[in-house]
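Novice: I'll drop the sequence and a predicted model, then ask my questions.
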Amino acid sequence: MTDLKQYLPKTYKRRAYYTPADVSIHNIANDLWVSFFGKVWDITQLVQENIQSKLCEPLIKNAGKDISYWFNQKTQEPRKYVDLNTGLEAFYCPEGPYLHIPPTDPSSQFEQIDLPWWKNQEQYCIGQLSAKTRKIKIINMLTDHSNIIEVPSEETINEILDRYKEINAHAASYTWKRLGKPLDMEMTLSANGIQDETDEFEQLGIPESSWYIPAIHLYFNDDLTVA
C-alpha cells in the first residue's frame with residue numbers, strides 16, 4: 001500500500017481562530033479544510049483515505065468553503081427532508097451524498113459509522129472560525145515598510161505577531177506600539193483601545209475601500225530574536 005503521507009500537505013501551526021481567508025486556501029483534495037457553525041475542520045486525511053469513493057466529490061468540490069447549510073443548526077446533524085417521490089425521510093445533500101451519510105434506500109449496503117466525521121472534533125476540528133475579522137496596518141519603523149493584514153478580532157497581539165512572522169520572521173524583536181504607547185501583548189486589539197469601527201462605516205454607507213484602518217508601529221529592539 002502506498003504511504004498516505006506523500007499525499008498529505010505539510011504540517012502547519014494550529015491556531016485558536018481562523019479567518020475565512022485562512023480556510024479558503026486549503027481548497028484541494030490533498031489539503032482540504034471546511035468550516036461550519038463557527039468551527040474549522042481539516043478533513044484532508046479522511047478524504048485521502050477514501051479518495052476512490054464518489055462520496056468524496058462533494059467535499060472536494062466545497063473545499064475551503066463554509067458548509068453550514070448542509071447541517072441542522074440545532075442538532076448539528078446533517079439536514080433532512082421528506083422525499084416527495086418516496087415519502088421517506090432523506091438527508092439533504094445539495095452536492096450529492098458525502099462520506100458517512102447513510103443511503104436513503106434501506107436495502108443498500110452501508111457500513112454504519114459510530115462517529116461520523118462531523119462529530120469527530122478530536123480528530124478533525126482544528127479551531128474556531130472568527131466571528132468577525134478586521135484589518136490592521138503594521139508599520140515597521142526600522143524599514144519604513146507597512147503591511148495590511150486581516151486578523152480574527154478574537155486574537156491577542158501576540159497571536160497577531162505570530163501571523164506577522166510570515167512577513168517578518170523577527171517580529172518578536174520589535175516593541176509593538178499604538179500612538180506611542182506599548183501594547184499589552186496578551187490582550188486583543190479592542191482591549192488595547194484599538195476599536196473596530198467597520199460597522200459604523202458600513203452603516204454610514206462609506207465604501208470599504210475608504211474605511212480607516214488603524215495602525216500599529218513596530219520599534220526595533222537592540223537584541224535580535226531567533227526567527
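Specialist: Structure received.

Novice: How about Lys119: what's its closest non-neighbour residue?
Specialist: What sits nearest to Lys119 in space, not counting adjacent residues and going by CB to CB, 6 or more residues apart in numbering, is Gln76, at 7.7 Å. The C-beta positions use only the backbone N, C-alpha and C, and glycine is treated the same way.

Novice: I'd say the one you found and Phe37 touch.
Specialist: Yes. At 6.7 Å, Gln76 and Phe37 qualify as touching, with contact defined as CB atoms under 8 Å.

Novice: can you give me the offset of the lengthiest helix in the chain from its chain's centre?
Specialist: Under DSSP state H, the helix in the chain containing the largest number of residues is helix 157-164. How far helix 157-164 lies from its chain's middle: 16 Å, per CA atoms, centre = their mean, to the nearest Å.

Novice: So which bits of it are buried?
Specialist: 157, 159-161, 163-164 (16 or more other CB atoms under 10 Å).

Novice: Stretch 72-80 too?
Specialist: Pro78.

Novice: Equivalent analysis for stretch 141-152, please.
Specialist: Quick answer for stretch 141-152 (16+ other CB under 10 Å): 151-152.

Novice: and for that stretch, what are the contacting residues?
Specialist: For stretch 141-152, the external contacting residues (CB atoms under 8 Å, 6 or more residues apart in numbering) are 17-19, 21, 130, 132-140, 159-160, 163-164, 167, 174, 189, 213, 215, 217-220.

Novice: and with 7 Å instead?
Specialist: If you take CB atoms under 7 Å, 6 or more residues apart in numbering as the criterion, stretch 141-152 is touched by 17, 19, 21, 130, 133-139, 160, 163-164, 167, 213, 217-220.

Novice: mind listing the helices in the chain by residue range?
Specialist: Counting by DSSP H, the helices of the chain are 20-24, 44-49, 57-61, 121-124, 157-164, 198-203.
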